[in-house]
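Enquirer: this is a predicted model, with the sequence first.
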Amino acid sequence: MSPTRTGRSKNPKTLVIVPTYNEIENLQNMYDRIVKAHGGVDILIVDDGSPDGTGKLADKLAKKDKKVHVIHRAGKLGLGTAVIAGFHFALDHHYPLITTIDADLSHDPAYIPQMLSLMGEYDMVIGSRYVHDGGMVNWSIKRLLISLFANYMLKMILGINQADCSGGFKCYRAELIRKIGIDRVISPGYVFYVEILYRALKAGARVKEIPIIFVNRGKGKSKLGMGEVVGYAKNIFKLKFLTMIGRI
């Protein structure tokens with residue numbers, strides 16, 4: 001399914017959170033594509049002290065465009081905590097809708113209007129690789145199998161029924177984020193998005209998946225290492241344990 005594009009927003013005020021670490025080669029392009037896709041949204045770049053100058057580029061974008069905001073953090077503190085910082089900013093500044101997107105251009109911002117158009121009916125909309133018409137480009141068989149296995153494990157252990165449990169391209173109602181209680185989130189890395197989905201489902205959220213084409217990064221280096229994979233598995237079992245003792 002092809003994404004739709006629109007100009008100025010007819011939707012409620014929306015913040016797009018873009019976590020960054022060493023994305024100097026991708027950030028300008030990501031900014032341009034978000035603006036082209038939906039000129040009415042605000043953008044928050046949360047940079048973890050990138051040594052490659054990503055933070056400085058973010059500041060330049062903010063200086064030129066009042067709809068761009070920047071949070072600078074002291075170092076590489078983790079994807080999950082970066083998004084949580086973005087959530088706090090969104091709640092503090094009264095954004096009704098919040099979108100998260102990767103900075104490496106693997107997610108096409110052109111899907112954002114479609115996601116926002118569904119927010120009158122749903123509490124969360126997921127850009128899904130694994131529903132009909134979704135897919136991946138430039139992925140190795142090894143990475144695809146790891147991703148499919150991880151999603152299967154999530155379904156078996158946590159009982160999540162969504163096809164794409166771990167993707168980071170999502171739109172949320174701010175009231176859902178408040179209901180979840182983001183300060184209770186325990187996942188600092190990539191498993192963060194799984195935990196948010198899990199807690200949302202436990203809170204009774206209405207969740208919709210739309211098909212997207214995920215394109216593996218062309219520039220820069222992936223942050224997904226063995227430490228993230230191990231942490232991913234550990235946190236899934238932590239979430240199951242917390243559920244069993246009534247903490248979720």
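Expert: Received the coordinates, thanks.
Enquirer: low-confidence ranges, this protein, go.
Expert: Within the chain, the stretches with pLDDT under 70 are 1-11, 217-230.
Enquirer: which residues of it fall in strands?
Expert: Applying DSSP state E to the chain gives strands spanning 14-20, 42-47, 68-72, 97-100, 124-128, 135-137, 170-173, 207-211, 213-215.
Enquirer: can you tell me what sits against the first one?
Expert: This points to strand 14-20. Strand 14-20 is touched from outside by 27, 30, 34, 38, 40-48, 50, 54-55, 58, 79, 82-83, 86-87, 89-90, 93, 95-103, 109, 112, 116, with contacts defined as Cβ atoms under 8 Å, 6 or more residues apart in numbering. Bear in mind the C-beta positions are built from the backbone N, C-alpha and C, glycine included.
Enquirer: try it again with 7 Å
Expert: Contact partners of strand 14-20, identified using Cβ atoms under 7 Å, 6 or more residues apart in numbering, comprise 27, 30, 34, 41-47, 50, 54, 58, 79, 82-83, 86, 90, 95, 97-101, 103, 116.
Enquirer: next: the last one.
Expert: Under the contact criterion Cβ under 7 Å, 6+ apart, strand 213-215 has outside partners L105, S106, H107, D108, R129, G134, G135, M136, V137, N138.
Enquirer: which residue packs closest to the last one, ignoring adjacent ones?
Expert: Nearest residue to N138 in three dimensions, chain neighbours excluded: N216, at 4.0 Å (Cβ to Cβ, 6 or more residues apart in numbering).
Enquirer: OK, contacts around that neighbour?
Expert: S106, V137, N138, W139 are the contacts of N216 under Cβ under 7 Å, 6+ apart.
Enquirer: closest to R173 among the residues you listed?
Expert: Among the contacts of N216, S106 lies closest to R173 (Cβ to Cβ), at 24.1 Å.
Enquirer: that closest one and N29, how far apart?
Expert: With distances taken as Cβ to Cβ, to the nearest Å, S106 is found 12 Å from N29.
Enquirer: of those two, which one has the most company?
Expert: S106 (24 against 15; other Cβ atoms under 10 Å).
Enquirer: from I157, how far off is the more buried one?
Expert: Distance, S106 to I157, by Cβ to Cβ: 26 Å.
Enquirer: also D123?
Expert: Distance of D123 to I157, computed by Cβ to Cβ: 23 Å.
Enquirer: more crowded one of the two?
Expert: D123 (20 against 14).
Enquirer: list the residues that contact that one.
Expert: Each residue near D123 by Cβ under 7 Å, 6+ apart is listed here: R173, L176, A200, A205, R206, V207.
Enquirer: for those, give me CSV that also has distance to L144 and neighbour count.
Expert: Converted to CSV, the contacts of D123 look like this (distance: Cβ to Cβ, whole Å; neighbours: other Cβ atoms under 10 Å):
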residue, distance to L144, neighbour count
R173, 31, 21
L176, 30, 20
A200, 26, 21
A205, 28, 18
R206, 29, 14
V207, 23, 17
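Enquirer: how about these in a markdown table, adding distance to G189?
Expert: Output for these, formatted as a markdown table (distance: Cβ to Cβ, whole Å):
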| residue | distance to G189 |
| --- | --- |
| R173 | 24 |
| L176 | 22 |
| A200 | 18 |
| A205 | 22 |
| R206 | 27 |
| V207 | 22 |
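Enquirer: this protein: helices as residue ranges?
Expert: For the chain, the helices defined by DSSP state H occupy 27-37, 54-64, 79-92, 112-117, 141-158, 174-180, 192-202, 226-244.
Enquirer: quick one: those as CSV, columns for distance to L15 too.
Expert: Below are the helices of the chain laid out as CSV (distance: least, Cβ to Cβ, whole Å):
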stretch, distance to L15
helix 27-37, 11
helix 54-64, 14
helix 79-92, 5
helix 112-117, 11
helix 141-158, 27
helix 174-180, 9
helix 192-202, 16
helix 226-244, 26
